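# Everything below, folded, please.
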Amino acid sequence: MPLGPSPGDPPSRAGTWATEPRGTSAPWPTTTPSGGLLDDVLLQSGVTPPVPDLPLGVEVTRRVSGDDAWLFLLNHTEAEQTLTAAGHDLVTDTPVAGTITLAAGAVAVVHEGWRAGPPAGS
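Residues are numbered from 1 along each chain as shown. Alright, predicted model coming up:
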């Protein structure tokens, strides 16, 4: 049986709904809240992504050690994506000045080198 709400079921505050074999519906807890709940909690907590305007399907992680930082970018989409970044891309060995464009399925590791302090908004 497919998971998810049956027609006419109210939205779940727990995540999704599961349809039981007997035809009844019950809340089914999930690891990721649905309906924008997680986005709301993060926004109210002041948590922001490592880069502004992060496209759906692009994964970004910033790793920091001492005075250095590295931005790991993974494009899981089938389209080219452009993101805000500055530093040096270690994968292509090219400088990154403000934006970086990732081809579909591409990855980049940008050494941000924060020696003068972290970028604004970090």
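
# Domains in the chain, by residue range?
The record assigns the chain these domain ranges, following automatic domain parsing: 1-47, 58-111.

# now residue 86: how far from residue 79?
From residue 86 across to residue 79, the span is 23 Å (CB to CB, to the nearest Å). (Each C-beta comes from the backbone N, C-alpha and C, glycine too.)

# Check residue 43 too.
Between residue 43 and residue 79 the computed distance is 26 Å (CB to CB).

# Contacts only, for residue 58.
By CB atoms under 8 Å, 6 or more residues apart in numbering, residue 58 lies in contact with 73, 74, 75, 76, 77, 81, 83, 102.

# now residue 102
Residues near residue 102 by CB under 8 Å, 6+ apart: 58, 73, 75, 80, 81, 82, 83, 108.

# Which one of those is nearest to residue 91?
Among these, residue 108 lies closest to residue 91 (CB to CB), at 5.3 Å.

# Report the beta-bridge partners for the nearest residue to that closest one once chain neighbours are set aside.
Spatially, and ignoring its direct neighbours in sequence, residue 108 is nearest to residue 73 (4.4 Å; CB to CB, 6 or more residues apart in numbering). Beta-bridge partners for residue 73, by DSSP bridges, are residue 60, residue 108.

# can you give me the helices for the chain?
According to DSSP state H, the chain carries its helices in the segments 37-45.

# Of residue 86 and residue 79, which one has the most company?
residue 86 (15 against 11; other CB atoms under 10 Å).

# Does the more buried one touch residue 96 like I think?
Yes - at 5.7 Å, residue 86 counts as touching residue 96 under the criterion of CB atoms under 8 Å.

# still on that earlier bit, residues near the residue nearest to residue 108, how many?
As a burial measure, residue 73 scores 24 neighbours (other CB under 10 Å).

# What of the one 4 residues further on?
Applying the criterion other CB under 10 Å, we find 15 residues in the vicinity of residue 77.

# pLDDT wise, what is it at?
Residue 77 carries a pLDDT value of 93.

# Start the count at 43 instead of 1 going forward.
Sounds good: first residue 43 from here, last item residue 119.

# how many neighbours does the nearest residue to it once chain neighbours are set aside have?
The spatially closest residue to residue 119, leaving aside those adjacent along the chain, is residue 99, at 3.8 Å (CB to CB, 6+ apart). Using other CB under 10 Å, residue 99 has 13 neighbouring residues.
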